[in-house]
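Engineer: structure, please.
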Amino acid sequence: MAFHASFPHGCTTDKHQLFVPFMARLSGCIFQIDQGDYFLLMRAKREELLEQGVPDPSDKDVPKHITFDEVGRHCKRATRGIEETMSLIQELIASLDSERGK
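Structural biologist: Numbers count the residues shown, from 1 in each chain. Purely as a prediction, here's the structure:
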């Protein structure tokens with residue numbers, strides 16, 4: 001399976017309701033976020049939530065308040081290896097091609 005940088009252009013429209021979630025999952029197949037940076041972002045976001053009056057935000061709640069832009073600004077990303085990337089993309093496509101994906 002050859003992967004090309006113009007893969008998103010194969011999609012017929014970015015207006016489709018699943019375009020954004022699909023592209024986010026595809027990005028997750030290709031890139032990995034530095035976990036140390038993400039931990040620091042989580043800690044900063046927890047402090048921000050406390051300052052806004054959210055009482056004791058849990059580890060499950062904090063990521064819900066972190067935006068894609070914040071991750072992009074504060075966390076380093078690196079590409080995964082070829083084999084891992086291809087495997088994850090194949091899993092993504094298979095999940096969408098299954099009964100659950102329909």
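Engineer: from now on I want contacts and neighbour counts done on CA atoms only, so please keep to that.
Structural biologist: Noted.
Engineer: and the residue lying closest to H65 once chain neighbours are set aside, how far is that from G72?
Structural biologist: Closest residue to H65 in three dimensions, ignoring its sequence neighbours and counting by C-alpha to C-alpha, 6 or more residues apart in numbering: K45, at 7.6 Å. For K45, the distance to G72 (C-alpha to C-alpha, to the nearest Å) stands at 14 Å.
Engineer: kindly report the same for A44.
Structural biologist: On the measure of C-alpha to C-alpha, A44 and G72 end up 15 Å apart.
Engineer: who touches the helix or strand hosting L40?
Structural biologist: Under the criterion of DSSP states H and E, L40 resides in helix 35-51. Contact with helix 35-51 is made by D56, P57, V62, P63, H65, I66, V71, H74, C75, K76, as judged by C-alpha atoms under 8 Å, 6 or more residues apart in numbering.
Engineer: buried subset of these as a PyMOL selection?
Structural biologist: Typed into PyMOL, the line below selects the buried ones among the contacts of helix 35-51, using 16 or more other C-alpha atoms under 10 Å:
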select buried, resi 62+71+75
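Engineer: need the contacts of helix 35-51 in a markdown table with distance to L26, can you?
Structural biologist: Below are those laid out as a markdown table (distance: C-alpha to C-alpha, whole Å):
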| residue | distance to L26 |
| --- | --- |
| D56 | 33 |
| P57 | 29 |
| V62 | 23 |
| P63 | 19 |
| H65 | 21 |
| I66 | 19 |
| V71 | 16 |
| H74 | 20 |
| C75 | 18 |
| K76 | 17 |
